[in-house]
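> coords please:
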Amino acid sequence: MNTGRTVFAQLLGVVPFSHFEHLVDKYQANRWTRDFTAWSHFICMAYAQFTRREGLRDLIACLNSQSSKLYHLGLRQRVSRSTLADANERRDSALFEALGHRLTEMALALYQDHDIGLGLKEPLYAMDSTTIDLCLSLFPWADFRSTKAGIKAHTVIDLRGAIPVMLTITTGKVSDVSLLDNLALPKGSIVVLDRGYVDFARLYLLVQQECSFVVRAKGNLSFHCTEAHPTDAKAGVWSDQTIVLTGERSKKGYPQPLRRVRFYDAVSCLELVFLSNRLDLSALTIATIYKQRWQVELFFKWLKQNLNVKHFFGNSLNAVRSQIWIAVCTYLMALIAHKPFHARISLRNFLHLAEVNMFEKVTLAQMVTNALTGDEIE
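Alright, predicted model coming up:
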């Protein structure tokens, strides 16, 4: 009989517990309760994410049916709906946000040498947002339109491992471009943006921070071409120019030359125009960099399909923030645990294996091997 740790315990083991306790003290996360600690709260919500529970009643029933197995993980009592609901409402979401930042640091250390195949020395990031629709009567603080509510998760991911390095949760009314004011990346970084982020004054501030950008241009751009570069129509590069902006507001906001690349994507049959401050890169490299922006869309899709970020266990802003940050923590825990097996199995399938083997006492390596070979667990 295997007397080792369960799969769920191994996944929770990714979390540096001493640092978690430090964060609990920092945010005084246990000051209003003696029994249902922050760690117990995290176990419950991480279980909800790994097993994709969609309702509070469903979650509580499943937790209490496994109470003997959860006891050894640190959940020492049966959980009631009111206890978990109160914890989601009252415990500061900043605790789980800080934990997410620590797990991000751990994931970045693992994936820092990951090659995304562009031959770039600089780190590459993608920035975008996703909207999560809510019921206006249940979430009145998240008013978005006259008949619906919604929140936005503004996210920056490191493309070396699809690791979220920045996540800001706002109501749906907050514009995407305003989040550029909060963007802080390492010097020399390249960030890929969609055309919703075209604000030349903000982009120029990014350049002054010694960062680079590749952004899709809007159709009404006013500019003057100062130099035309050789093109390669067979590769999709229809034009490659060095330009200066001529619009009164835009040239004041961005007074330096820009690169303008017009590219035809044969796969989507779309003509795309890119702007960048990188005058040294080839036009095809700039187009290829922009294609990497799709990874942030896949990240949002992955979260929504494989974790629980659309059904919430509380209606307050704090409860919603806590659940989204715990979902991100769960993603990062899975990403870190999956790293030794990334060549053998996808992260999605690894997560599904963890879900069905949650309380099996088998190593993660053996779990993956069993799934790939069909061998039974000893």
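> For the stretch 101-250 of the chain, which segments count as strands?
Read by DSSP state E, counting those that start in this stretch, the stretch 101-250 of the chain holds these strands, from start to end of the chain: 124-134, 143-145, 148-158, 163-171, 190-193, 212-216, 223-228, 237-245.
> Next, format those as CSV and append mean neighbour count.
Quick note: C-beta positions are derived from backbone N, CA and C, even for glycine. Formatted as CSV, those follow (neighbours: other C-beta atoms under 10 Å):
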stretch, mean neighbour count
strand 124-134, 21
strand 143-145, 15
strand 148-158, 21
strand 163-171, 19
strand 190-193, 26
strand 212-216, 23
strand 223-228, 12
strand 237-245, 18
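> can you tell which of those is closest to residue 70?
Closest approach to residue 70 among those is made by strand 163-171 (27.7 Å; C-beta to C-beta).
> Send me that closest one as CSV with only the CA atoms.
As requested, C-alpha coordinates have been extracted for strand 163-171 and formatted as CSV (Å, rounded to 0.1, in the frame of the first residue of the first chain):
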residue,chain,number,x,y,z
ILE,A,163,3.1,33.2,-16.7
PRO,A,164,0.9,36.1,-15.5
VAL,A,165,3.3,38.8,-14.2
MET,A,166,0.6,41.5,-13.7
LEU,A,167,-3.1,41.1,-13.0
THR,A,168,-5.4,44.0,-12.2
ILE,A,169,-9.1,43.5,-11.6
THR,A,170,-11.4,46.4,-12.4
THR,A,171,-15.0,47.0,-13.3
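> quick one: contacts of that strand?
100, 104, 107-108, 111, 125, 127, 141-144, 150-158, 179, 182-183, 299, 320-321, 324-325, 328, 331-332, 335 (C-beta atoms under 8 Å, 6 or more residues apart in numbering).
> for the stretch 1-150 of the chain, what spans make up the helices?
Read by DSSP state H, counting those that start in this stretch, the stretch 1-150 of the chain holds these helices, from start to end of the chain: 7-12, 17-26, 38-50, 56-65, 67-71, 81-90, 94-111.
> Could you identify which of those helices is most buried?
helix 38-50 (a mean of 23; mean count of other C-beta atoms under 10 Å).
> right, and residue 76 touches residue 36 too?
No - Residue 76 sits out of contact with residue 36 when judged by C-beta atoms under 8 Å, with a separation of 9.6 Å.
> Just want to know which of these two has more residues nearby.
Neighbours per residue, other C-beta atoms under 10 Å: of residue 76 and residue 36, the larger number sits with residue 36, 21 against 13.
> Would you mind measuring from the more buried one to residue 312?
As defined by C-beta to C-beta, to the nearest Å, residue 36 lies at a distance of 19 Å from residue 312.
> go on, residue 353?
With C-beta to C-beta as the criterion, residue 353 and residue 312 are 26 Å apart.
> cool, and residue 206?
Here the distance between residue 206 and residue 312 works out to 34 Å (C-beta to C-beta).
> Assign a three-state SS to residue 274, would you?
With DSSP: H, G, I helix; E, B strand; the rest coil as the basis, the three-state label of residue 274 is strand.
> For it, which residues are in contact?
Applying C-beta under 8 Å, 6+ apart, we find residue 274 in contact with 214-217, 259-261, 263, 286-287, 290.
> who touches residue 354 in this structure?
By C-beta under 8 Å, 6+ apart, the residues touching residue 354 are 7-8, 11, 50, 334, 364, 367.
> Adding pLDDT and distance to residue 232, write these out as CSV.
What follows is those, written out as CSV (pLDDT from 0 to 100; distance: C-beta to C-beta, whole Å):
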residue, pLDDT, distance to residue 232
7, 94, 50
8, 94, 53
11, 96, 48
50, 94, 48
334, 95, 41
364, 95, 46
367, 94, 48
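> Domains in the protein, by residue range?
Using automatic domain parsing, the domain ranges for the chain come out as 7-96+314-373, 195-277.
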